[in-house]
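Engineer: Based on what follows, work out the 3D shape:
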Amino acid sequence: MANKPVRRRGILRGSPQRLQVKDLKPNRPINRLDLIVLRVYPRRLIYSETYTGPVAAACGRDETGLVGIILWNEQIDQIRIGDIIRFESGWCQMRDGELVVSTGLHGKLRIIDR
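Structural biologist: Sure thing, here's the model as predicted:
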């Protein structure tokens, strides 16, 4: 009898498990997080040793809570209010007592639905 893929809670082992806002922890990577964009704030320019360019704050939610979002470069023009977005790689940090997620400069974000 051939071995079959192992399923745990409906997910094949090896596929990234979807995170929810309630499960986010500061200073931890995020591998898969789906959010509805509620608001995008105006862009601003930042200048630092590691990055110079546009950044915008946003906020999003899933069925478990709200979280801040940091958008970089072209993400600012791509993302609109009401979009369903997926962070495929990124990080979570605590800023001013609130959780914030971002791709950072090298992570991946895509629009799932408009």
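Engineer: Point to the residue nearest the middle of this structure.
Structural biologist: For the chain, the residue nearest the mean C-alpha position is residue 87 (3.7 Å; Cα atoms, centre = their mean).
Engineer: For it, name its beta-bridge partners.
Structural biologist: residue 33, residue 109 (DSSP bridges).
Engineer: Downstream of the helix or strand bottoming out on mean pLDDT in the chain, the next helix or strand is which one?
Structural biologist: Least confident element among the helices and strands of the chain, by mean pLDDT, DSSP states H and E: strand 11-12 (a mean of 47). Under the assignment DSSP states H and E, the closest C-terminal helix or strand after strand 11-12 is strand 28-30.
Engineer: hmm, who's touching that next one?
Structural biologist: By Cβ atoms under 8 Å, 6 or more residues apart in numbering, the residues outside strand 28-30 that reach it are 19, 24, 87, 89-92, 101. Where you see a C-beta, it was placed from the backbone N, CA and C, and this is true even at glycine.
Engineer: Spatially nearest residue to residue 57 (excluding sequence neighbours)?
Structural biologist: Leaving aside its sequence neighbours, residue 57 sits nearest to residue 41 (Cβ to Cβ, 6 or more residues apart in numbering; 4.5 Å).
Engineer: quick one: the one you found and residue 54 touch, right?
Structural biologist: No. In this structure, residue 41 is not within contact of residue 54 by Cβ atoms under 8 Å, at 12.0 Å.
Engineer: Name the nearest residue to residue 110, ignoring sequence neighbours.
Structural biologist: What sits nearest to residue 110 in space, not counting adjacent residues and going by Cβ to Cβ, 6+ apart, is residue 86, at 5.5 Å.
Engineer: How many residues are close by that neighbour?
Structural biologist: By other Cβ atoms under 10 Å, the residues close to residue 86 number 15.
Engineer: pLDDT score assigned to it?
Structural biologist: We note a pLDDT of 97 for residue 86 in this prediction.
Engineer: Tell me how far it lies from residue 65.
Structural biologist: 17 Å (Cβ to Cβ, to the nearest Å).
Engineer: One more: residue 41?
Structural biologist: The value you get for residue 41 to residue 65, if Cβ to Cβ is used, is 19 Å.
Engineer: Neighbours of residue 109, how many?
Structural biologist: Residue 109 is flanked by 21 other residues according to other Cβ under 10 Å.
Engineer: Many thanks, I have nothing further to ask.
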